[in-house]
Each structure stands twice: as C-alpha cells, then as structure tokens.
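S.K.: Here is a sequence with its predicted model. Questions after.
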Amino acid sequence: TVVKATAGTLYSVTASNTGAATAFLKLHNSATVTAGTTPVAMTIPIPAGSVLSIPFGSQGMRYATGICLSITNLAADNDTTAVAMGQVKVNTVFI
C-alpha cells in the first residue's frame, strides 16, 4: 500500500490483527511497493488477536522517498505470504 508517494514523516502506526498467528507490518521508504521485493525500512510484528500502537515521537520517522507498507505472514524481508482478507487493519498518522 502506498501511504504517501512523496517524502514525508510518519508519526504513528496503529495496527490490529484478528488472526491466529503473528502478522508482520513492513514499512518501506519508497514511492511504490512490491511485497517481497521493495527494501524494508522496518518490520513490526503484530501479535495474534491484538492491537499494537507505535508512536514515533514529536520528530516522527522521516521517509525521504515515500511512505509505503506491506503486510505478510512471515518476518523475512522477501516474504510474500498473504494474510487473510481483513485480518490486519492499519492506521497511520503522517504528513
């Protein structure tokens, strides 16, 4: 998912996972994204049946190219294993 196709700052991420296994939210410093191919800037595990909120502070996390995200079932940067439809929901705060 392309959150912002130009440079920006990410201030927080909130994600929920209704699945039975941990899912992995991957953040990318890119204007486009292909899961398993686009370099990963950060991987955030979202435990099964939980909601996770991560604030990046008043300075935020700067992305020089763009802000993209992908969600997979496994942690490896090159993983493309899809999660179930609607299993993970993500909310971002950015400028």
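M.R.: Nice, thanks for sending it over.

S.K.: Which strands border the host helix or strand of L25, and is each parallel or antiparallel?
M.R.: Element membership of L25, judged by DSSP states H and E, is strand 23-29. Paired neighbours of strand 23-29 in the sheet (DSSP bridges): strand 42-46 (antiparallel), strand 67-72 (antiparallel).

S.K.: by contact count, what packs against the longest strand anywhere in the chain?
M.R.: Assignment by DSSP state E gives strand 8-17 as the longest strand of the chain. Helices and strands touching strand 8-17, by 3 or more CB pairs under 8 Å, 6 or more residues apart in numbering; DSSP states H and E, are strand 23-29, strand 42-46, strand 50-55, strand 61-63, strand 88-94. In short, each C-beta sits where N, CA and C put it, glycine included.

S.K.: With mean pLDDT added, can I get those strands in a markdown table?
M.R.: A markdown table is the format used below for these (pLDDT from 0 to 100):
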| stretch | mean pLDDT |
| --- | --- |
| strand 23-29 | 98 |
| strand 42-46 | 98 |
| strand 50-55 | 98 |
| strand 61-63 | 98 |
| strand 88-94 | 98 |
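
S.K.: Distance to Y11 for those strands - can I get that in JSON lines?
M.R.: Below are these laid out as JSON lines (distance: least, CB to CB, whole Å):
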{"stretch": "strand 23-29", "distance to Y11": "13"}
{"stretch": "strand 42-46", "distance to Y11": "14"}
{"stretch": "strand 50-55", "distance to Y11": "7"}
{"stretch": "strand 61-63", "distance to Y11": "8"}
{"stretch": "strand 88-94", "distance to Y11": "4"}
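
S.K.: Need the winner for burial among these.
M.R.: Most buried of the helices and strands packed on strand 8-17 by mean neighbour count (mean count of other CB atoms under 10 Å) is strand 23-29; its value is a mean of 22.
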